[in-house]
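Trainee: Sequence and predicted structure below; questions after.
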Amino acid sequence: MNLFDKRNLTMLTDFYEITMANGYYANGFKDITAYFDVFFRRVPDDGGFVIMAGVEQLIDYLKNLHFTNEDIDYLRSKGIFEEEFLQYLKNFKFTCDVWAIPEGTPIFPYEPILTVRGPVIEAQFIETMALICLNHQSLIATKTNRICRAAQGRAVMEFGSRRAQGFDGAVYGARAAYIAGCIGTACTISDRDYEIPALGTMAHSWIQMFDDELAAFKAYARQYPQDCTLLVDTYNTLKQGIPNAIKAFNEEVLPRGYRPSGIRIDSGDITYLSKKARKMLDEAGFPDCRIVASNSLDEFIIRDMLIQGAKIDTFGVGERLITASSAPVLGMVYKLAAIEKDGKLIPKIKLSENVTKITNPGYKKPWRLFDRETGKAIADVITLAEEVIDDSKPYEIFDSKYTWKRKLVTNFIAHPLQVQIFNKGNVCYETPNLHVIREYCLKQVDTLWDEVTRFENPHEYYVDLSQPLWDMKQKLLSQHSSK
C-alpha cells in the first residue's frame, strides 16, 4: 500500500534544501547534472553489516513528489524566495535516474547504497527523505536480524508498536523487522497494509477483569480455542498461572477438538520459569504447547537465556527492537560525488581533518564477489561506473588504506549490487513482494562468513576500491592538498 498517495510529504525536507535550490536556480545551475551517493560510515552496535531496507517507501515518495499551491503560498510567505523560482517549483517534476541496492541485501560502510543522477535541484532536494526512509528501516532491520540470529532458529515476533517513535515508526518498523526475520508483528495495520502476519495473545488486564485467573483463562479459551496462548505471570507463574492454564486447556480447548497453542511468560527469571513450565506442560500431556517469552529482550539476553538452557520456543521482542535502543542512529549520509559540465564528468570529493569523512569521488558502481564453490561473499569492490569486473579472469583486490595488502581472487562470481529504480523520473523497477524480500534477505545473510556475523569483534568485511577509482581519489586528494 502506498501511504504517500494519502498525504503529500514533499515539504518534509530540511529547509536548506529549499534555500540551496533557490540559490542554484539564481546562479544558473538549474540544468547542471549532479551525482549524489548515499552511504554510511559505521555499523550500529559495532556489528559486521547492515540490512538494506526502506527502498519501497523511497520509491513511493519520489513517485508523488510535487509542490501544492499551499506549499508555494507557504514558501512565498517566507519572503526570501524569488517568484520565478516559486513558479519553477509549482511546475516541478522529478526527472532523475536512481539506482539502489535491493532491500534485504547486507551492506557495508562507505559503499554507495543509493545513487542519484539528475538536475542538481531535484537530486539535492530529495536528500532528507532518502535518508529518512533508508536510515530508519535499515537500522530496525539490522537490529532485528541480530535478534533473530540470537534466537537460533526459534521464532521472533515484533511486539514494539507502543514503544515506537511515532506511528510511522511502528508501521515501517514492523515492515523492516519482517524483512530481517521476524515471523509477524503485533501491529495490526502492518498486517492490513503489508500482509505481515498479525500476532498476539492477551494483556494482564484481561485476567484482572475476571474474578479469578482460571475464569479469565477459560473465557479466552472458549473464545479462541483454535489459537489459545495464555499469559501466565499475572499473579504467580508456577503456583497459579501454569496450573490454571493446564486446567483451561483440558476443560475448554481439548473438548473442542484443538490443542493448546502456548503460554507466555512476561516477567521474572524467564529462563528458570521456562524450564519449570516445560516440565509441567510435558507432564500434563502438552509437549507441543509452545512457551513464549517477552519483557525487554534483545539479542544478548536471548543468547544468554539459551546458553543457560531456557526452554523458549518463541520470543516476543518489543522496545529494544523497534527503537534499536542500543544503537538508535545509523548515520547514513548523502554526498555529492560528481557533476556534468559541458558534457564532461567532473568528480567531486569532500575532504576533512577527520579522514573517515573523506568521500569517494565520481560516478561509481558497487560489486560483490562471491566464491563459486562455497557461495560465500569474498569482498565488495567499488568501481567507476564504466568499469566491468570480468569474473572469467583473476582479479586483484587491495585494501584502500593499506595498499600493500592485496589478494588475487579466482574462481569467483562478480555481481553488481545496485539496480536502477528510476529512469528519467519514471519508475523502472518492480518492488518485490515483502515475503520475497524477506526470503531473499535470509539467503543473503547466509552468504556471509560466521566471522562477519558474530556480535562481538566481527571480522571487518572488505569494501575495496578499484585501481582506477583509487587513482582518481588520490589525484583529487593531491590537487586539493596542494592548494
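Mentor: Structure received.
Trainee: List the buried residues in the helix or strand where residue 468 lies.
Mentor: With the criterion set as DSSP states H and E, the secondary-structure element containing residue 468 is helix 467-481. In terms of neighbour count (16 or more other CB atoms under 10 Å), helix 467-481 has its buried residues at 469, 470, 472, 473, 476. Where C-beta positions appear, they are placed from N, C-alpha and C, glycine not excepted.
Trainee: With pLDDT and distance to residue 270 added, can I get the residues you listed in JSON lines?
Mentor: Formatted as JSON lines, the entries for the buried residues of helix 467-481 read as follows, by pLDDT from 0 to 100; distance: CB to CB, whole Å:
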{"residue": "469", "pLDDT": "98", "distance to residue 270": "51"}
{"residue": "470", "pLDDT": "97", "distance to residue 270": "51"}
{"residue": "472", "pLDDT": "97", "distance to residue 270": "55"}
{"residue": "473", "pLDDT": "96", "distance to residue 270": "52"}
{"residue": "476", "pLDDT": "96", "distance to residue 270": "56"}
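Trainee: of those residues, closest to residue 13?
Mentor: Proximity of the buried residues of helix 467-481 to residue 13 (CB to CB) peaks at residue 476, which lies at 29.4 Å.
Trainee: so what's the closest one up against?
Mentor: The contact partners of residue 476, by CB atoms under 8 Å, 6 or more residues apart in numbering, come to 347, 349, 361.
Trainee: that older thread, turn the buried residues of helix 467-481 into JSON lines, including distance to residue 83.
Mentor: Compiled in JSON lines, those are given as follows (distance: CB to CB, whole Å):
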{"residue": "469", "distance to residue 83": "43"}
{"residue": "470", "distance to residue 83": "47"}
{"residue": "472", "distance to residue 83": "42"}
{"residue": "473", "distance to residue 83": "42"}
{"residue": "476", "distance to residue 83": "39"}
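Trainee: Residue 125 and residue 16 touch, don't they?
Mentor: No: Residue 125 is beyond contact range of residue 16, at 10.6 Å (criterion: CB atoms under 8 Å).
Trainee: so how far is residue 426 from the residue lying closest to residue 425 once chain neighbours are set aside?
Mentor: Distance criterion CB to CB, 6 or more residues apart in numbering; nearest residue to residue 425, sequence neighbours excluded, is residue 95 at 3.9 Å. Distance, residue 95 to residue 426, by CB to CB, to the nearest Å: 9 Å.
Trainee: Looking at these two, which one has more neighbours?
Mentor: residue 95 (14 against 10; other CB atoms under 10 Å).
Trainee: What distance do you get for the more buried one to residue 346?
Mentor: Residue 95 is 21 Å from residue 346, by CB to CB.
Trainee: Now do stretch 213-230: distance to the chain's middle.
Mentor: If you compare the mean C-alpha spot of stretch 213-230 with that of the full chain, they lie 36 Å apart, counting by CA atoms, centre = their mean, to the nearest Å.
Trainee: Next: stretch 396-415.
Mentor: Centroid separation for stretch 396-415 versus its chain: 28 Å, with CA atoms, centre = their mean.
Trainee: Show me where the stretch 101-250 of the chain has its helices.
Mentor: Assignment of helices within the stretch 101-250 of the chain using DSSP state H, counting those that start in this stretch yields the ranges 120-125, 127-150, 167-180, 188-194, 204-208, 213-223, 242-248.
Trainee: These into TSV, with extra columns for mean pLDDT, mean neighbour count and distance to residue 23?
Mentor: Rendered in TSV, the data for the helices of the stretch 101-250 of the chain read as follows (pLDDT from 0 to 100; neighbours: other CB atoms under 10 Å; distance: least, CB to CB, whole Å):
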stretch	mean pLDDT	mean neighbour count	distance to residue 23
helix 120-125	98	23	10
helix 127-150	98	25	15
helix 167-180	97	25	31
helix 188-194	96	17	39
helix 204-208	98	15	56
helix 213-223	98	19	63
helix 242-248	98	23	67
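Trainee: wait, which of these is closest to residue 379?
Mentor: Using CB to CB as the measure, helix 127-150 is the one of these that comes nearest residue 379, at 20.1 Å.
Trainee: Please save the CA atoms from the closest one in PDB.
Mentor: Listed next in PDB are the C-alpha coordinates belonging to helix 127-150 (Å, rounded to 0.1, in the frame of the first residue of the first chain):
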ATOM      1  CA  GLU A 127      18.200  14.200   0.400                       C
ATOM      2  CA  THR A 128      16.200  14.400   3.600                       C
ATOM      3  CA  MET A 129      13.500  11.800   2.600                       C
ATOM      4  CA  ALA A 130      16.000   9.400   1.100                       C
ATOM      5  CA  LEU A 131      17.900   9.400   4.400                       C
ATOM      6  CA  ILE A 132      14.700   9.100   6.500                       C
ATOM      7  CA  CYS A 133      13.500   6.100   4.500                       C
ATOM      8  CA  LEU A 134      16.800   4.300   4.400                       C
ATOM      9  CA  ASN A 135      18.200   5.200   7.700                       C
ATOM     10  CA  HIS A 136      15.200   4.100   9.800                       C
ATOM     11  CA  GLN A 137      14.200   0.900   8.200                       C
ATOM     12  CA  SER A 138      17.800  -0.300   7.600                       C
ATOM     13  CA  LEU A 139      18.500   0.400  11.300                       C
ATOM     14  CA  ILE A 140      15.500  -1.600  12.500                       C
ATOM     15  CA  ALA A 141      16.100  -4.400  10.000                       C
ATOM     16  CA  THR A 142      19.800  -4.700  11.200                       C
ATOM     17  CA  LYS A 143      18.800  -4.800  14.900                       C
ATOM     18  CA  THR A 144      16.100  -7.400  14.100                       C
ATOM     19  CA  ASN A 145      18.400  -9.600  12.200                       C
ATOM     20  CA  ARG A 146      20.800  -9.700  15.200                       C
ATOM     21  CA  ILE A 147      17.900 -10.600  17.500                       C
ATOM     22  CA  CYS A 148      16.700 -13.400  15.100                       C
ATOM     23  CA  ARG A 149      20.100 -14.800  14.800                       C
ATOM     24  CA  ALA A 150      20.500 -14.900  18.600                       C
END
